[in-house]
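[1] Next comes the sequence, and after it the predicted model I'd like to discuss.
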Amino acid sequence: MAFQELTRCTLQEVEGIPLLKPMVKTWERVKAFQAFPEDLLIVTYPKAGTTWTQEIVDLILHGGDAEEVRRAPTDIRMPFLEINTAKGSHPGISQLEKMDPPRVIKSHLPIQLLPKSFWESGSKVIYVARNPKDNVVSYFHFDRMNMIQPEPGPWSGYLKKFMEGQCECFWIEYVNALCWGSWYEHVKGYWQEKDKRNILYLFFEDMKENPAREIQRIAKFLGHHLSEDILNNIVQLTTFDAMRENPMANYSSIPGNIFDRKVSDFLRKGEVGDWKNHLSPEENAAFEKHYVETMSDCEIPFRFVI
């Protein structure tokens with residue numbers, strides 16, 4: 001399909017989770033994906049620090065060698081397992097099926113949809129969670145600029161959709177939902193399994209507050225020792241400003257009719273607390289009430305400011 005024919009995708013249900021409709025076409029291949037013990041999965045809810053974590057991991061695995069990590073764009077180095085836009089690009093599963101382990105793999109799938117081979121093989125999994133107020137703001141701007149994602153609509157409606165997981169279903173096609181489902185169920189799912197499986201659970205806010213500490217945690221999880229010099233180099237190479245200027249990490253290779261940069265950059269702010277610029281006092285009060293009620297069964301230590 002020619003790029004000029006791009007239209008926003010609709011959502012379709014896969015085992016109760018709304019995904020981009022083209023993903024459904026390759027879902028059976030994703031579900032049957034064979035992971036190996038040497039593979040590493042980086043998984044997040046969308047816009048929770050995925051690209052940042054991918055860059056940190058690649059630098060750790062290559063000893064902080066910036067040139068080696070600039071060998072290709074992020075989505076080539078670490079393919080996106082379930083992505084399929086049917087818009088002139090290759091599905092992530094097709095890339096991964098051609099690669100030998102060890103592979104670094106990206107996903108946004110909730111835990112119940114992950115291929116069982118990740119658990120059966122003992123693959124390591126890094127999960128990154130971001131506080132929901134900043135997460136919804138970032139996701140909103142991403143959906144505005146990504147011409148493949150469903151139309152986000154106005155902010156007030158988007159926030160309500162995020163909070164309540166509202167969806168209006170016509171047969172099996174969703175017209176008012178968020179791709180990859182509920183943030184609440186996503187973060188809870190991995191949190192509840194983190195001590196039973198090979199999962200390192202990280203927080204975006206901790207990474208912003210003390211990147212050196214969190215990079216060392218990731219390195220230890222991967223079985224790597226970082227000297228002070230290499231650690232400091234990785235910290236500098238993965239600052240927001242450095243990544244925003246790095247053509248191999250900022251998704252500038254994605255055509256402008258897919259990522260409309262007049263609306264927003266892919267790497268927009270990367271801050272903790274930007275939600276204060278978006279949620280009105282009334283919206284914030286309603287969000288707080290809903291958050292406390294919805295998270296009452298799972299105490300995850302999210303921070304909304306640092």
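    That came in fine, so what should we check first?

[2] Any regions of this structure where pLDDT drops low?
    Counting by pLDDT under 70, the chain shows low-confidence ranges at 1-6, 86-89, 166-176, 250-256, 260-261, 263-268.

[3] Name the residues of stretch 47-60 that are buried.
    For stretch 47-60, the neighbour count (16 or more other Cβ atoms under 10 Å) marks 47-60 as buried. C-betas here are computed from N, CA, C, even on glycine.

[4] do the same with stretch 118-135
    The neighbour-count check on stretch 118-135 (16+ other Cβ under 10 Å) flags 118-119, 121, 123-135 as buried.

[5] Just these: which are in strands?
    Under the assignment DSSP state E, the buried residues of stretch 118-135 contribute 124-129 to strands.

[6] what about residue 41, helix or strand, and which?
    For residue 41, the element it lies in under DSSP states H and E is strand 40-44.

[7] and that strand with strand 124-129, angle?
    Angle of strand 40-44 versus strand 124-129, following axes from the mean of the first three to the mean of the last three Cα atoms, to 10 degrees, is 20 degrees.

[8] Can you give the contact residues for strand 40-44?
    Residues from elsewhere that reach strand 40-44, judged by Cβ atoms under 8 Å, 6 or more residues apart in numbering: 35, 50, 53-54, 57, 78, 81, 102-109, 114, 118, 123-130, 190, 222.

[9] In helices, which of those residues fall?
    Among these, the members falling in helices are 50, 53-54, 57, 118, 190, 222 (criterion: DSSP state H).

[10] wait, residue 182 sits on residue 165?
    Yes - Residue 182 is within contact range of residue 165, at 4.4 Å (criterion: Cβ atoms under 8 Å).

[11] These two: which has the busier surroundings?
    Taking neighbours as other Cβ atoms under 10 Å, residue 182 and residue 165 compare with residue 182 leading, 21 against 16.

[12] and the more buried one, how far is that from residue 137?
    Distance, residue 182 to residue 137, using Cβ to Cβ, to the nearest Å: 17 Å.

[13] quick one, what contacts residue 291?
    Counting by Cβ under 8 Å, 6+ apart, residue 291 has contacts residue 132.

[14] so it is in which element?
    Element membership for residue 291 (DSSP H and E) is helix 281-294.

[15] And for residue 139?
    Going by DSSP H and E, residue 139 is part of helix 132-145.

[16] from the middle of its chain, how far away would whichever helix or strand comes after that helix be?
    Later in the chain than helix 132-145, the nearest helix or strand by DSSP H and E is helix 155-164. Helix 155-164 has its C-alpha centroid displaced from the chain centroid by 19 Å (Cα atoms, centre = their mean, to the nearest Å).

[17] ok, now stretch 144-163?
    On the basis of Cα atoms, centre = their mean, stretch 144-163 sits 16 Å off its chain's mean C-alpha point.

[18] Quick one: end-to-end distance for it.
    18 Å (Cα to Cα, to the nearest Å).

[19] Would you indicate which residues of that stretch are buried?
    Buried positions in stretch 144-163, judged by neighbour count with 16+ other Cβ under 10 Å: 144-150, 152, 155, 158-163.

[20] Among those residues, which pair sits farthest apart?
    Greatest spatial distance among these (Cβ to Cβ): 147 and 163, at 25.3 Å.

[21] And residue 303, how close does it get to residue 40?
    With distances taken as Cβ to Cβ, residue 303 is found 26 Å from residue 40.

[22] what do you get for residue 101?
    According to Cβ to Cβ, residue 101 and residue 40 sit 10 Å apart.

[23] Between the two, point out the one with more neighbours.
    The residue with more neighbours, out of residue 101 and residue 40, is residue 40; 20 against 15, by other Cβ under 10 Å.

[24] now stretch 282-292: how far from the chain's centre is it?
    In terms of Cα atoms, centre = their mean, the centre of stretch 282-292 is found 24 Å from the chain centre.

[25] wait, what's in contact with residue 201?
    Per Cβ under 8 Å, 6+ apart, neighbours of residue 201: 127, 129, 190-191, 194.

[26] Then residue 211?
    Applying Cβ under 8 Å, 6+ apart, we find residue 211 in contact with 235, 238-239.

[27] Give me the buried entries from those.
    Buried among the contacts of residue 211 by 16+ other Cβ under 10 Å: 235, 238.

[28] Filter the contacts of residue 211 down to the ones in helices?
    Residues of the contacts of residue 211 located in helices (DSSP H): residue 235.
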